[in-house]
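**Student:** what's the 3D shape of this:
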Amino acid sequence: MKGYGVMVKRLKFIGILLATLLVAEPALAQYKPRVNAPRILLKRQLPNIVKPPLASLGMNIKPSQAAAIALSLYPDAKVVKVKLRADGVYAVTLRTDSSVEKVFVSGEDGSIL
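**Tutor:** Below you'll find the predicted structure:
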């Protein structure tokens, strides 16, 4: 008789599960996604950034060229950052095995300062 009680419990569980599915299915069918999402959730469109050519700023070398010039001082180093300062000088940060070095390269002629 023990097996009979377990079978009745399982049948009750299956019956409750089926009744729940029958009730929930029409509710799910009526679901409509929100078309008008709040503005916070919409992806923001950023304006296009126009960068002037380096030649118009009095710069004759590119940041990659400044990095190559700085690497000539420290051939085993890796370039961490290249930044153009307001005075037209590139500040190139290099990382070697034992230290971090900063090299300043002229933006006009590529000379090391």
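
**Student:** contact partners of the strand or helix carrying residue 64?
**Tutor:** Using DSSP states H and E, residue 64 sits within helix 63-71. With C-beta atoms under 8 Å, 6 or more residues apart in numbering as the test, helix 63-71 has contacts from 61, 77, 79, 82, 84, 90, 92, 94, 103, 105, 107, 110, 112. Using the backbone N, CA and C atoms, a C-beta is placed for each residue, glycine as well.

**Student:** State the three-state secondary structure for residue 80.
**Tutor:** strand (DSSP: H, G, I helix; E, B strand; the rest coil).

**Student:** Secondary structure added to the contacts of helix 63-71, as JSON lines?
**Tutor:** Formatted as JSON lines, the contacts of helix 63-71 follow (three-state DSSP):
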{"residue": "61", "secondary structure": "coil"}
{"residue": "77", "secondary structure": "coil"}
{"residue": "79", "secondary structure": "strand"}
{"residue": "82", "secondary structure": "strand"}
{"residue": "84", "secondary structure": "strand"}
{"residue": "90", "secondary structure": "strand"}
{"residue": "92", "secondary structure": "strand"}
{"residue": "94", "secondary structure": "strand"}
{"residue": "103", "secondary structure": "strand"}
{"residue": "105", "secondary structure": "strand"}
{"residue": "107", "secondary structure": "coil"}
{"residue": "110", "secondary structure": "coil"}
{"residue": "112", "secondary structure": "strand"}
